[in-house]
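> Turn this into a model:
(chains A and B)
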Amino acid sequence: MTETITDTVNRFIFKTETFAIFKLDNIVALGDVAGVREGDRLTVTGSWQEHPKYGRQLRVEHWEKPVPSTEEAAADFLSSGLIKGVGPVLAERIVSVLGPNAVSAILEDPDVLKKVKGIGKKAPEIRRQLQETYQVQQVVAELIRLGLTLKTAMKAYMKFGRPAAEYVRRNPYCLTELDLIGFHRADDIARRAGLAPDSSFRVKAGILYVLNESLWDEGHAYLPRDELISRSLTLLNHVEKSVSLDIVEKELSRLKGVHGSAEVSLAWAREYEEEIARDVKRLARQRFDVPPLPRDLIRGIELTPDQNAAVKTALESGFSILTGGPGVGKTQTVRAVIRAFELQNPWGGVFLCAPTGRAARRLSEVTGRQAHTVHKLLGLRNGHADRNRKNPLECDLLILDEASMACLVLTKRLLEAVPNNARILFVGDADQLPSVGPGNILRDLLDKVPTVRLTEIFRQAAESQIVTNAHRINRGQMPLIDRSKTDFIFLEREDPEDIAKCVATCASGMGYDPLDVQVLSPMRKGPVGTAELNKLIQGGMSGPRVKYGQYVFHVGDKVIHTKNNYDKGVFNGDIGIIKKIKMQHDVLVQYSSGLVSYSGDDLRELEPAWAVTVHKAQGSEFKAVIIPVTTSHYVMLHRNLIYTAVTRAREKVILVGTKKALAIAVRNNKPIQRYTALSGLLRDAPRR
DNA sequence: TCGGTGGC
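Model (predicted):
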């Protein structure tokens, strides 16, 4: 399906700093192209995709500006109008003197144009313009010589432009600050360039790298000074002991872009936390008078006293939180909040949103009204939001569902776009996995604004072991397994391969519909990771199949869609079954929301889903869940992960592995203990 | 070691 095309860029249809949709002579292409201008001749390689609204498009995976290498091409290029001061006559003359490789000759040799009569003082300007056109390639080539990969080199060029190679040579660590390469690869480049291991560049970069890593990988908004210093020393001295404590302390004290001394954060992260705190206080200050509510807010359903209290709180407070585990009726309460609000404010604008596409769709399904991702609601793309402090949302009630998934960045963007007069309600389960991005927003806000906790469980039977054990796990206690019941089972297996086999057997042999039973593994890799488990389960399959990338898909296979696709109406995390495979490339998948067809490279959005990661399953529910629990997942063994996995099940949980691994997981609550300043900043927020 | 959303 991939194709390579050389054509001229006629027009940009859409353009951001790095991404563009553009028209070549006969086609529309889209991708990350930087340094490309209208009129450029481009060689693009990519794959075709069919866009329902805009038709056939080429998704660009690789591109370059070829230097013309025939007399005709060189003359065409020089006279194309791109190079000012060169018309057809002069172009002919240049090519007749310098030959088919005229362009590269001029680029390489500043004096070569002297050979052509009648150019005179135009020569340097012509060369400058040519260089500008081919600058991308030249800079990228130089960066590659310095040891960057093509991709990183492109990104570095996008960031720094012409002087990129110079910057990198002087301070290879500038690449780590932009998150283009890791500290260790920058270290390699620096070593080859002869930089001292205790140079200020290196030490500063090391400290910033530690802060950045802890922020993006572990979710910390700051690190205690001692921890930052000891982590920095470990990083900087991992090969040879060359950096002393004194040096690190000295560089830390003059480091720009960080905040605080006892608790050190990246300055922007601190600013975000402070801004969130200000916005929370701004919104929480608002109080609303609420007339008594009718008893039957939702036809035929009577709310519990707790749920009623939650409705009242949400309506009275400028900012409130509704939290609780699965099955406690959060959704029902949200429906009641909307209903009550609309009864009392018939002209009020109600906006519903969630951090992920699927959560938004589900919210929309259960409330029977529009819901958006936060990104869509704010028009948030490439770090720019259409809705912001200056142009706030026109809403009177804003509900954010699955708020535990909202990170520092998203929350800051959302809150600053909420007007003073609006009420905002966060809904979520604070015991689930923390957000992908930095921060611990929902947990930090609990009880800092009016908070209602729902605990009474409806969905599962009250005596369900799933429920009681989920609570135990939350408290750091081992689940209790009552062998007289069948809804919470532990199958003891020691060896990872045995665990994998046992999991695979259970997955296919329980008599459930494939969509009702789900294997959840903490990791993708490893003997009990999702990749291996999927292969194991797929091993027994026969019949029509299609290969795409690293995966094989069969008719009957369970698959997961991995990127929101609004045109197909299918979202990241949707799980379905392959019904049909035609012609080795057309695939038909049955989701609960309907049939979706994939052709060609659409398949890049599909993965096998007999086993998925616990993270991916967040926000989904199944009748039965099978969870491998082994010390080979050591780094991933923690309380919220097991809690999240177990609470995905409505009827049955099967744990397969060792009690030892389970005990480790239940005891470990470190991942959710993120260093954040937000709750401290809110200490004096109004609560009632 | 895991995970998010966008663009005509």
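> quick one: contacts for the closest residue to DNA strand B within the stretch 1-150 of chain A?
DNA strand B sits closest to A:Phe19 of the stretch 1-150 of chain A, with a gap of 2.9 Å, by C-beta to the nearest atom of the strand. Where C-beta positions appear, they are placed from N, C-alpha and C, glycine not excepted. Contact analysis of A:Phe19 by C-beta atoms under 8 Å, 6 or more residues apart in numbering lists A:Leu30, A:Gly31, A:Asp32, A:Val33, A:Asn382.
> could you pull out the strands for the stretch 1-150 of chain A?
All strands of the stretch 1-150 of chain A, identified by DSSP state E, counting those that start in this stretch, fall at A:2-8, A:11-15, A:19-23, A:28-32, A:41-51, A:55-64.
> how about CSV for those strands, with mean pLDDT added?
Listed next are the strands of the stretch 1-150 of chain A as CSV, based on pLDDT from 0 to 100:
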stretch, mean pLDDT
strand A:2-8, 86
strand A:11-15, 86
strand A:19-23, 88
strand A:28-32, 88
strand A:41-51, 84
strand A:55-64, 84
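> could the ones you listed be laid out in JSON lines, adding distance to A:Thr631?
Formatted as JSON lines, the strands of the stretch 1-150 of chain A follow (distance: least, C-beta to C-beta, whole Å):
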{"stretch": "strand A:2-8", "distance to A:Thr631": "43"}
{"stretch": "strand A:11-15", "distance to A:Thr631": "50"}
{"stretch": "strand A:19-23", "distance to A:Thr631": "43"}
{"stretch": "strand A:28-32", "distance to A:Thr631": "41"}
{"stretch": "strand A:41-51", "distance to A:Thr631": "42"}
{"stretch": "strand A:55-64", "distance to A:Thr631": "40"}
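> hmm, back to that, hey, what's the residue of the stretch 1-150 of chain A closest to DNA strand B bridged with?
Beta-bridge partners recorded for A:Phe19 (DSSP bridges): A:Asp32.
> can you list the residues of the stretch 301-450 of chain A near DNA strand B?
Counting by C-beta under 7 Å from any atom of the strand, the stretch 301-450 of chain A comes close to DNA strand B at A:355-358, A:372-373, A:375-376, A:380-382, A:405, A:409, A:436-437.
> how much space between the spatially closest residue to A:Phe201 that is not a sequence neighbour and A:Arg145?
Closest residue to A:Phe201 apart from its sequence neighbours, by C-beta to C-beta, 6 or more residues apart in numbering: A:Asn171 at 4.7 Å. To A:Arg145, A:Asn171 is 17 Å away according to C-beta to C-beta, to the nearest Å.
> low pLDDT regions in the stretch 451-600 of chain A?
Within the stretch 451-600 of chain A, the ranges that satisfy pLDDT under 70 run A:459-463, A:584.
> For DNA strand B, give me its nearest residue in it.
In the stretch 451-600 of chain A, the residue that lies nearest DNA strand B is A:Arg524 (3.2 Å; C-beta to the nearest atom of the strand).
> if you count what's nearby, which of A:Asn171 and A:Arg145 comes out ahead?
Shown here are A:Asn171 and A:Arg145; by other C-beta atoms under 10 Å, A:Asn171 has more neighbours (21 against 10).
> OK, contacts around the closest residue in space to A:Arg231 that isn't next to it in sequence?
Leaving aside its sequence neighbours, A:Arg231 sits nearest to A:Val210 (C-beta to C-beta, 6+ apart; 4.7 Å). When contacts are counted by C-beta under 8 Å, 6+ apart, A:Val210 touches A:Leu223, A:Leu228, A:Arg231, A:Ser232, A:Leu235.
> now, which of those residues sits nearest A:Glu621?
Nearest to A:Glu621 out of these is A:Leu223 (C-beta to C-beta; 36.5 Å).
> How many residues are close by the closest one?
A:Leu223 has 25 nearby residues by other C-beta under 10 Å.
> what do you get for A:Arg170?
13.
> re the thing from before, which among the contacts of A:Phe19 count as buried?
By neighbour count, with 16 or more other C-beta atoms under 10 Å, the contacts of A:Phe19 hold A:Leu30, A:Gly31, A:Asp32, A:Val33 as buried.
> Can I get these in CSV including distance to A:Asn101?
Below are these laid out as CSV (distance: C-beta to C-beta, whole Å):
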residue, distance to A:Asn101
A:Leu30, 32
A:Gly31, 29
A:Asp32, 29
A:Val33, 25
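> In the helix or strand bottoming out on mean pLDDT in chain A, which residues are buried?
Least confident element among the helices and strands of chain A, by mean pLDDT, DSSP states H and E: helix A:150-160 (a mean of 79). Applying a neighbour-count criterion of 16+ other C-beta under 10 Å, one finds A:Thr152, A:Ala153, A:Met154, A:Lys155, A:Ala156, A:Tyr157, A:Met158, A:Lys159, A:Phe160 buried in helix A:150-160.
> Following the chain onward from it, which element is next?
Downstream of helix A:150-160, the first helix or strand assigned by DSSP states H and E is helix A:164-170.
> Please work out the average pLDDT along that following helix.
Averaging pLDDT along helix A:164-170 gives 89.
> Stretch A:425-441 too?
Taken as a whole, stretch A:425-441 has an average pLDDT of 91.
> And it, how far out from the chain middle?
15 Å (C-alpha atoms, centre = their mean, to the nearest Å).
> try stretch A:212-232
Taking the mean of its C-alpha atoms, stretch A:212-232 sits 21 Å from the chain's own mean (C-alpha atoms, centre = their mean).
> Just list the residues touching the residue most central in space within chain A, thanks.
Nearest to the geometric centre of chain A sits A:Val436, at 7.3 Å (C-alpha atoms, centre = their mean). Residues in contact with A:Val436 (C-beta under 8 Å, 6+ apart) are A:Met405, A:Cys407, A:His615.
> Identify each buried residue in the lengthiest helix in chain A, please.
As assigned by DSSP state H, the longest helix anywhere in chain A is helix A:123-145. Neighbour counts over helix A:123-145 (16+ other C-beta under 10 Å) mark A:123, A:126-127, A:130, A:133-137, A:139-140, A:142-143 as buried.
> No further queries at this time; thank you.
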